[in-house]
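>>> Curious how this folds, go ahead:
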Amino acid sequence: MLLSNRVLNRTLLARQHLLERATLTVPQLCEHLIGLQAQDVPPPFVGLWSRMADFDPATVSAGLADRSLVRITLMRGTIHLVTPPDALRIAPHIQPELEKAPFRKGFNYGAMVGLDPDEVRAHGEAVLGDEPMSATALRAEAARIYPDRDAGAVVQTWLYQLPVLQTPPRGRWRDNSRPVWSRVQSWLGAPLDPDYPVSELILRYLRAFGPATTMDMQTWSRLPAMKRAVAELGDRVRTYTDERGRTLYDAADLEPADPDLPAPVRLLGWYDNALLSHQDRARIVGEPVTPSRTFGAAVSPVLVDGFLAGMYKIFVRSGTARLRISPTRPWTKAEAAQVEPEAAALLGFLEPESAPSVEILEPGADVRP
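A predicted model of the protein is given here:
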């Protein structure tokens, strides 16, 4: 069966809870999505706000405090907000891939080349014991042990070699404190689970991001042997074909969405997984657009009719929060009228103390004032 790009779009949005806001709890949604991108503090809050009905950001702060939520390096070597069970069962699969990176020539301009990985790891284990440790304290120890190396590169190597997570206060609502790191096992009081099958993880990926090719799966996870994982699922998956003739896999008990489903405007956080979890992003990016100057730090996507149609960034100054949007194509008056209230609502959520201002610029304009 052939699936059009629009079917793939609506299916992705439905499974991401971007067609209709969910009534799930934060941990339930985190488990369904297999984590939310949390390399910076605001994005997971924006991601949850865009996907949940009546989202209260205090629930994330409380979850980090009582350890029912954690921020940990997982897929693609980036921080994700996940539940403890997912931290314990996904980390063992990601860890071997993370550990390869620091001793390659391309890592921090070869800063770790020539060092014995096992020796570096042993020093890291001794430094980062059972108690949380700030990045500053880690750098001081790295400089002491390796005075002839870049301390930041040594610390980053330790954070790749050892299963670690970020502890509060960083990650709480509107708290951008500097990272404090802890060993996963000591923070959660439980061992890692190396027996969780990769095939089960991939089936969960399909439930949140499918249908998808094996290259899509690899792009999302950065794990090898995707074809073997799919084969292990047997008749738990079914196959489709996309418009380019590629084989797509999906959970056998799920159906593609109706391509005519309406897709409301959604503003996502920067690096949202809905945009980064496929090799071919046409199902949400749509037709290629002319690159603009809007793609910078903390610049985030606007979805109109389910597809990327603009980028936005928020600027707060002198009591005013300005959400400036650079469309990637001309918008109709009706589209602009749909975007404005959603953008204003997001401003009210993120910057409740500031006067809101939504500014829709010319297509391709720089979002910076």
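>>> Pass me the low-pLDDT residue ranges in the stretch 151-300 of the chain, would you?
By pLDDT under 70, the weakly predicted segments of the stretch 151-300 of the chain are 288-296.
>>> Swap in 90 and give it another go.
Scanning the stretch 151-300 of the chain for pLDDT under 90 picks out 287-298.
>>> Can you show me the helices along it?
151-161, 184-188, 198-209, 214-221, 226-233, 273-276, 282-285 (DSSP state H, counting those that start in this stretch).
>>> now those in a markdown table, with mean neighbour count and distance to L248?
Where you see a C-beta, it was placed from the backbone N, CA and C, and this is true even at glycine. Shown next, in a markdown table, are the helices of the stretch 151-300 of the chain (neighbours: other CB atoms under 10 Å; distance: least, CB to CB, whole Å):
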| stretch | mean neighbour count | distance to L248 |
| --- | --- | --- |
| helix 151-161 | 21 | 33 |
| helix 184-188 | 18 | 34 |
| helix 198-209 | 20 | 9 |
| helix 214-221 | 20 | 8 |
| helix 226-233 | 17 | 11 |
| helix 273-276 | 22 | 17 |
| helix 282-285 | 21 | 10 |
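>>> Which among those helices is found nearest to P356?
helix 273-276 (24.8 Å; CB to CB).
>>> Return the alpha-carbon coordinates of that closest one using PDB.
Output of helix 273-276 as PDB, limited to C-alpha atoms (Å, rounded to 0.1, in the frame of the first residue of the first chain):
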ATOM      1  CA  ASN A 273      11.900  15.600  18.000                       C
ATOM      2  CA  ALA A 274       9.000  15.800  15.600                       C
ATOM      3  CA  LEU A 275      11.300  17.500  13.200                       C
ATOM      4  CA  LEU A 276      14.500  15.600  13.900                       C
END
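>>> The chain should start at 538 in everything you say after this.
Okay, using 538 as the starting number, the last item reads as helix 810-813.
>>> What is that helix packed up against?
strand 573-574, helix 751-758, helix 819-822 (3 or more CB pairs under 8 Å, 6 or more residues apart in numbering; DSSP states H and E).
>>> for the ones you listed, which one sits closest to V841?
Here helix 819-822 is closest among the helices and strands packed on helix 810-813 (CB to CB), at 11.6 Å.
>>> got the contact list for the spatially closest residue to D772 that is not a sequence neighbour?
Nearest non-adjacent residue to D772, counting by CB to CB, 6 or more residues apart in numbering: A789, 6.3 Å away. Contacts for A789 (CB atoms under 8 Å, 6 or more residues apart in numbering) come out as 772-775.
>>> Okay, strands next: where are they in the protein?
Ranges of strands in the chain, per DSSP state E, are 573-574, 607-610, 616-619, 670-671, 701-703, 717-720, 774-778, 784-788, 803-804, 837-841, 844-854, 857-864, 892-897.
>>> Put together CSV for those strands, with distance to A874 on each row.
Below are the strands of the chain laid out as CSV (distance: least, CB to CB, whole Å):
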stretch, distance to A874
strand 573-574, 29
strand 607-610, 37
strand 616-619, 33
strand 670-671, 48
strand 701-703, 40
strand 717-720, 45
strand 774-778, 36
strand 784-788, 35
strand 803-804, 15
strand 837-841, 11
strand 844-854, 14
strand 857-864, 13
strand 892-897, 10
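>>> Can you say which of those is nearest to D817?
Closest among the strands of the chain, using CB to CB: strand 784-788, at 10.3 Å.
>>> May I see the domains of this structure written out as residue ranges?
558-725, 824-897 (automatic domain parsing).
>>> circling back: export the helices of the stretch 688-837 of the chain as a markdown table, with columns for distance to S837.
As requested, those are exported to a markdown table (distance: least, CB to CB, whole Å):
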| stretch | distance to S837 |
| --- | --- |
| helix 688-698 | 26 |
| helix 721-725 | 29 |
| helix 735-746 | 19 |
| helix 751-758 | 19 |
| helix 763-770 | 29 |
| helix 810-813 | 10 |
| helix 819-822 | 14 |
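>>> looking at those, which is closest to H569?
helix 735-746 (5.9 Å).
>>> Packing partners of that closest one?
Helices and strands touching helix 735-746, by 3+ CB pairs under 8 Å, 6+ apart, are helix 542-552, helix 563-570, helix 621-637, helix 751-758, helix 763-770, strand 784-788.
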